[in-house]
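[1] The following comprises the amino acid sequence and a computationally predicted model.
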Amino acid sequence: MTSLARAIPIVTALILIMAMVIIAHAQAPPPPGPSTTPQYFTCTEVIPTVSGSTLSHVIIWLRLNNVTTSNGLLYLLSQTYYNPFSPYYHEFITPQEFAKWYSPPSYVFSHITNLAEKYGLIVNYTFPMLIEATGNASAVDNFLMALQSAPSNIQQWILSGECIPIGYFYVNSVTPSYKPQYVAIPLNTTNMNSVLTTNVTVINGVPMQIRYHQVEIWLPKGLEFIYDELPLLSSGYAGKGLTIAIVDAFGDVNFTLAGQYVYQNVACNDLATFNSLFGLPPASCTIIYPTGTPVLTSSDLSTAKGWSYETALDIEYAHTMAPGAKILLVISPTSGDDLFTDIEYVVAHHLANFISLSWASPEDAYYMPPPSYNLLYGYDEIFMQAAAEGIGVFAAAGDWGAFDLFVSPIEPSVWYPASDPWVTGVGGTTLKGVISYVMTNRVEYAWDWNSHYMWGTGGGYSFAFPEMPGQEMIHIVYERTYVYEQDLGIYFYTVGHRGVPDIAADADPYTGVLLIINGELSPYIWGGTSLATPLSAGMTTTIQSYLGDSFNIGDLAPNLYLLYYYYPSQFYAWSSAYPTSGFISGIPGATFVTLGGENGLYWVIQGQWNPVDGLGQINVYGLAHLFPYITPRYLFASQMQIG
């Protein structure tokens, strides 16, 4: 939880950075792509204090096969998402086909799994791009050391190998860590029930929002209203038959038992209480633990409690926006790379239609010592598989503005996995609304960078990944050609790199939401891109239920870039004032335009993509009705000129 008391004076550092990036400077080479040499991280390297008997996981990240060949995986994905006239357009493959076509040779898996078993490890999973096993830390380290002497025909398929001690990830860790992207401000009240009856906006008997002192609290029904979901929900399109997977660490732990180091996940109970309080239908809520049940220790107890708020926020607001969809809560035992193994578990078993990830790590951290950038390319393979299967993934763009605050002085960085080219990155907005029976004003600005609270929507340009084909198609802007990376010692040349985010949604805690945690209403108002991400995943799920089998969305972002390219005049809902009845009948336009704002380095540009809010905020009704227009039938009929 972000504390207002931990404000840090950074204005001088911020001005210095902004001054440096505009100085003319010879272009330095960008950070490297994946190393041809595997990168290994033993338990003692990752966490020096870990004992040899500590239970640990080991992940071996493999290079996929047939990725860049003329008819390989990247070609398939390009045709699937960016060429409406291709026979592969939105024709998705099965997990079995993916494994058959793109896995490394079988002898690679045999060698590595046999070696792991030789050192006493239990092999948990073999997926197309990774192998995970379990054992004590000394066995894991011995296995990793032996693997470094593997024959060259094995080594050439390995990206990296890493140890992940269970329950100790944050102790002196030197690997990139994944943080929930939420913030909260106290409501300063001893009676939370009084908040629910103070200055409430009610339309047709339904509470929409609460104005409490200086904050504007959006209630679940108000979010459905203001993002133009009601026309679909009232017609029975609420996500029925679809599944949203929420991947988090630890889950929503029982705080009382956790204090005794006893693990109990109460997430589905909290969701049921949330639904009862706010008049939402019951949810189908299932919890799975693909990489094991969390182990609570003195080292990770506070971390587990922090992830509890994250988990509750995720499932409660994904359900809000897709009240008929199934919620699959996928829990990792640590906030390390078991998170990615759990994502791959969902993808390889095709357990969901959409996946919401409200956690992140600054991308530049992967390029700082010890070098770990090969990990990024291992993760990317998971998201390529998800896209190939038609599973849409949403990820939080971060809550620290355009910066990485882990380093001093702070420096620019986008956040991963939102920066992955096969993920829809979700930024944050400030959502204000004045609702009456006659007219409704909805005003959405960027969630501005605030150097006092050290928060604001993430955004910028990726170090690791090139510009997405859709972004190249619409000629996204590069607001800063160079940004200075002090820790890397380079002026990073941004042009031609993936822009983040793709879309945005409400994230400002001053226009935030309420939360049920451990059976009670939290005395805070919650925000962050951890709110924006499940909101966006839920909205897309509701749209998918409306489209049915006629159009499977998959990864949302490429679809939006195509719509913007082919139908720019119909893309935005431009007005900030509508008859309230319009939110009942539906408002045209794929997204709501953002009216202004910045994230510390970049600025909103109304009516086009920008590295603050991307292409804007989903308009559920309008986007649902525009999707059919990027199918060949409509594109041929429109006889539009391409160019």
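    Cool, the structure landed.
[2] Where do the strands of the stretch 451-600 of the chain begin and end?
    460-466, 482-485, 490-493, 497-500, 503-506, 516-517, 520-521, 524-527, 572-573, 577-579, 591-592 (DSSP state E, counting those that start in this stretch).
[3] would JSON lines of those with mean pLDDT and mean neighbour count be doable?
    C-beta: built from backbone N, CA, C; applies to glycine. Output for the strands of the stretch 451-600 of the chain, formatted as JSON lines (pLDDT from 0 to 100; neighbours: other C-beta atoms under 10 Å):
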{"stretch": "strand 460-466", "mean pLDDT": "96", "mean neighbour count": "25"}
{"stretch": "strand 482-485", "mean pLDDT": "92", "mean neighbour count": "23"}
{"stretch": "strand 490-493", "mean pLDDT": "90", "mean neighbour count": "20"}
{"stretch": "strand 497-500", "mean pLDDT": "97", "mean neighbour count": "25"}
{"stretch": "strand 503-506", "mean pLDDT": "98", "mean neighbour count": "31"}
{"stretch": "strand 516-517", "mean pLDDT": "98", "mean neighbour count": "22"}
{"stretch": "strand 520-521", "mean pLDDT": "96", "mean neighbour count": "14"}
{"stretch": "strand 524-527", "mean pLDDT": "97", "mean neighbour count": "26"}
{"stretch": "strand 572-573", "mean pLDDT": "96", "mean neighbour count": "22"}
{"stretch": "strand 577-579", "mean pLDDT": "96", "mean neighbour count": "13"}
{"stretch": "strand 591-592", "mean pLDDT": "98", "mean neighbour count": "26"}
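[4] Show me the one of the ones you listed that comes nearest Pro105.
    For Pro105, the closest of the strands of the stretch 451-600 of the chain is strand 460-466, at 26.6 Å, according to C-beta to C-beta.
[5] what about this structure, any weak spots by pLDDT?
    Counting by pLDDT under 70, the chain contains low-confidence ranges at 1-32, 172, 638-643.
[6] ok, Pro501 touching Ser462?
    No. In this structure Pro501 lies outside contact range of Ser462 using C-beta atoms under 8 Å: 11.3 Å.
[7] one step back: of all the strands of the stretch 451-600 of the chain, which lies closest to Leu431?
    By C-beta to C-beta (comparing all of the strands of the stretch 451-600 of the chain), the closest turns out to be strand 503-506, at 4.0 Å.
[8] and the closest one, what does it pack onto?
    Secondary-structure packing of strand 503-506 (3 or more C-beta pairs under 8 Å, 6 or more residues apart in numbering; DSSP states H and E): strand 424-435, helix 529-547, helix 556-566, strand 617-618.
[9] Let's have those in JSON lines, adding mean neighbour count and distance to Thr198.
    JSON lines is the format used below for those (neighbours: other C-beta atoms under 10 Å; distance: least, C-beta to C-beta, whole Å):
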{"stretch": "strand 424-435", "mean neighbour count": "27", "distance to Thr198": "16"}
{"stretch": "helix 529-547", "mean neighbour count": "29", "distance to Thr198": "21"}
{"stretch": "helix 556-566", "mean neighbour count": "23", "distance to Thr198": "36"}
{"stretch": "strand 617-618", "mean neighbour count": "28", "distance to Thr198": "27"}
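[10] Let's have those in a markdown table, adding distance to Glu381.
    A markdown table is the format used below for the helices and strands packed on strand 503-506 (distance: least, C-beta to C-beta, whole Å):
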| stretch | distance to Glu381 |
| --- | --- |
| strand 424-435 | 18 |
| helix 529-547 | 21 |
| helix 556-566 | 18 |
| strand 617-618 | 28 |
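[11] Out of the ones you listed, which is closest to Leu121?
    Leu121 lies closest to helix 529-547 among these, at 34.3 Å (C-beta to C-beta).
[12] Quick one: distance of the closest one to the chain centre.
    Relative to its chain's centre, helix 529-547 lies at 12 Å (C-alpha atoms, centre = their mean, to the nearest Å).
[13] Over to stretch 418-433?
    Centroid separation for stretch 418-433 versus its chain: 8 Å, with C-alpha atoms, centre = their mean.
[14] how about that stretch as PDB, C-alpha atoms only?
    C-alpha atoms of stretch 418-433 as PDB (Å, rounded to 0.1, in the frame of the first residue of the first chain):
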ATOM      1  CA  ALA A 418       2.800  -4.100 -20.200                       C
ATOM      2  CA  SER A 419       5.700  -3.400 -22.600                       C
ATOM      3  CA  ASP A 420       5.400  -6.800 -24.300                       C
ATOM      4  CA  PRO A 421       4.300  -6.600 -27.900                       C
ATOM      5  CA  TRP A 422       1.700  -9.300 -27.400                       C
ATOM      6  CA  VAL A 423       0.100  -7.800 -24.300                       C
ATOM      7  CA  THR A 424      -2.300  -5.000 -24.100                       C
ATOM      8  CA  GLY A 425      -0.700  -2.400 -21.800                       C
ATOM      9  CA  VAL A 426      -3.100  -0.500 -19.600                       C
ATOM     10  CA  GLY A 427      -2.400   3.000 -18.300                       C
ATOM     11  CA  GLY A 428      -4.300   5.100 -15.800                       C
ATOM     12  CA  THR A 429      -6.800   8.000 -15.900                       C
ATOM     13  CA  THR A 430      -8.600  10.400 -13.600                       C
ATOM     14  CA  LEU A 431     -12.300   9.800 -14.200                       C
ATOM     15  CA  LYS A 432     -14.700  12.500 -13.200                       C
ATOM     16  CA  GLY A 433     -18.400  12.400 -13.800                       C
END
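[15] so which strand or helix has the residue most central in space within the chain?
    Note on the chain: the residue nearest the mean C-alpha position is Ala395, at 1.0 Å, using C-alpha atoms, centre = their mean. With secondary structure defined by DSSP states H and E, Ala395 is part of strand 392-396.
[16] What residues sit buried inside that strand?
    Across strand 392-396, burial judged by 16 or more other C-beta atoms under 10 Å covers 392-396.
[17] what's the answer for stretch 579-589, then?
    Of the residues in stretch 579-589, those buried under the neighbour-count criterion (16+ other C-beta under 10 Å) are 582-583, 586-587, 589.
[18] From the opening residue of it to its closing one, how far?
    Distance across stretch 579-589, first residue to last, is 16 Å (C-alpha to C-alpha, to the nearest Å).
[19] thought Ile630 was touching Leu560?
    No. Proximity of Ile630 to Leu560 does not meet the contact threshold set by C-beta under 8 Å, at 9.6 Å.
[20] quick one on the thing from earlier: so which of the strands of the stretch 451-600 of the chain gets nearest Met368?
    strand 482-485 (9.6 Å).
[21] Each with direction, which strands does that closest one pair with?
    For strand 482-485, the paired strands and their directions (DSSP bridges) are strand 490-493 (antiparallel).
[22] how about the CA coordinates for the partner strand, as CSV?
    This file holds the C-alpha atoms of strand 490-493, laid out as CSV (Å, rounded to 0.1, in the frame of the first residue of the first chain):
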residue,chain,number,x,y,z
ILE,A,490,23.3,5.7,-22.6
TYR,A,491,21.0,8.1,-24.4
PHE,A,492,18.3,5.6,-25.4
TYR,A,493,17.0,6.2,-28.9
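[23] What are the neighbouring residues in contact with Ala577?
    Under the criterion of C-beta atoms under 8 Å, 6 or more residues apart in numbering, the neighbours of Ala577 are 439-441.
[24] gap between it and Ser569?
    Applying C-beta to C-beta, to the nearest Å, one obtains 20 Å for the distance of Ala577 from Ser569.
[25] Please apply the same query to Leu339.
    Counting by C-beta to C-beta, the gap between Leu339 and Ser569 amounts to 41 Å.
[26] higher neighbour count, those two?
    Each of Leu339 and Ser569 had its neighbours counted (other C-beta atoms under 10 Å), and the higher figure belongs to Leu339 (23 against 5).
[27] Cross-check the contact I'm expecting between that one and Ser332.
    Yes. The criterion here is C-beta under 8 Å, and Leu339 meets it with Ser332 at 4.7 Å.
[28] who touches both of these two?
    Jointly contacting Leu339 and Ser332 under the rule C-beta under 8 Å, 6+ apart are 247-249.
[29] Which of those residues fall within helices?
    When the shared contacts of Leu339 and Ser332 are checked against helices using DSSP state H, none is located there.
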